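Novice: From the sequence below, what's the structure:
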Amino acid sequence: MQVTVGPHVFDVVVDGPADAPAVLLLHGFPQSAHSWRAVRPFLDGYRVIAPDQRGYSPGARPAGTEAYRLPELVADALGLLDALGVEQAHVVGHDWGAAVAWQLGARHSPRVRTLTTVSVPHPRAFVEALRTDADQRQRSLYMREFATPGYDARMLADDAAGLRGLFGGSLPSVDVEHLVARAQQPGALAAWLQWYAAQRLEDIADTPAVGVPTLHVWSDGDAALGRAGALGTAAWVTGPYRFEVLEGVSHWVPEEAADRLGPLLAAHLAR
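Specialist: The predicted structure follows:
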């Protein structure tokens, strides 16, 4: 379905009874709501809301880098809940979706029943890891490249060889052809990469600790996010907290390890 929030129209997957507890699923780069397809069966009995976020929905693809700053992305999530009549939701995010989810849990806790973040640590833990951990600094170098104007053309060259390379060519659970087809739409990948170009330290540097029940899931095969930030996240959660490590799993957790993430998520939501 399509949901209007301000001047933007978002493509949103909505499943489950309208009066059931809501679960908001926020995807990361370079994916979409489609990335949650193997997790959704574990959420039977909930009202699942999975949007294609700003830049990913063709009707929500504004021009200009400033339009993709984190407060705008958070406002989109809140606007979607408002438009769907949801006062409070279980919030689940992976990758950039986790960055949005952390802000919802930290700054808008009355709207968040539980928080689940996959891969990306609490913003303050991530900033500290970048400051003190050489391994994380090395892992994060790609972010500067992704923020370079015109990088979308490089990723789409040679039948999207650069984009395909993000997945290592050995993850059949990731629907690479689906996301490549979406990325090849005019202006699509350039908009997705604006999330990187729009990063501002001031948008995350004062992120409060999170008091809602929180599950943080990190995989030890993640090429982008190291152990330091994952371990440091506990210091920034004051509410009930559970940390889970998925061994032998890459960054693409919702697709590669839905059979392991799904039960963790279902148990956390039922607490």
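Novice: Tell me which residues of the helix or strand hosting residue 155 come out buried.
Specialist: Assigned by DSSP states H and E, residue 155 falls within helix 151-165. Residues 151-152, 155-156, 160, 163-164 are the ones in helix 151-165 that count as buried (16 or more other C-beta atoms under 10 Å). C-beta here means a position set from N, CA and C on the backbone, and glycine is covered the same way.
Novice: for it, packing partners?
Specialist: Under the contact definition 3 or more C-beta pairs under 8 Å, 6 or more residues apart in numbering; DSSP states H and E, helix 151-165 sits against helix 176-183, helix 188-197.
Novice: Mind putting those into CSV with mean pLDDT and distance to residue 83?
Specialist: Shown next, in CSV, are the helices and strands packed on helix 151-165 (pLDDT from 0 to 100; distance: least, C-beta to C-beta, whole Å):
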stretch, mean pLDDT, distance to residue 83
helix 176-183, 95, 23
helix 188-197, 98, 21
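Novice: ok, now how distant is the nearest residue to residue 164 once chain neighbours are set aside from residue 184?
Specialist: Nearest residue to residue 164 in three dimensions, chain neighbours excluded: residue 176, at 5.9 Å (C-beta to C-beta, 6 or more residues apart in numbering). Distance, residue 176 to residue 184, by C-beta to C-beta, to the nearest Å: 12 Å.
Novice: ok, the closest residue to residue 89 other than its chain neighbours - contacts?
Specialist: In space, and not counting its chain neighbours, residue 89 is closest to residue 22: 4.1 Å by C-beta to C-beta, 6+ apart. Counting by C-beta atoms under 8 Å, 6 or more residues apart in numbering, residue 22 touches 46-49, 81, 84, 86, 88-90.
Novice: Return the member of those residues nearest to residue 218.
Specialist: Nearest to residue 218 among the contacts of residue 22: residue 90, at 19.3 Å, using C-beta to C-beta.
Novice: That closest one in helix, strand or coil?
Specialist: Under DSSP: H, G, I helix; E, B strand; the rest coil, residue 90 falls in the strand class.
Novice: tell me the SS of the spatially most central residue of the chain?
Specialist: Centre of the chain computed as the mean C-alpha position; nearest residue by C-alpha atoms, centre = their mean is residue 97, 1.7 Å away. Put simply, residue 97 is helix when judged by three-state DSSP.
Novice: so what pLDDT did it get?
Specialist: pLDDT, the model's per-residue confidence, is 98 for residue 97.
Novice: Am I right that residue 45 falls within a helix?
Specialist: No - read with three-state DSSP, residue 45 is coil and lies in no helix.
Novice: Now do the helix holding residue 155 against helix 176-183, angle only.
Specialist: Calculated by axes from the mean of the first three to the mean of the last three C-alpha atoms, to 10 degrees, helix 151-165 forms an angle of 170 degrees with helix 176-183.
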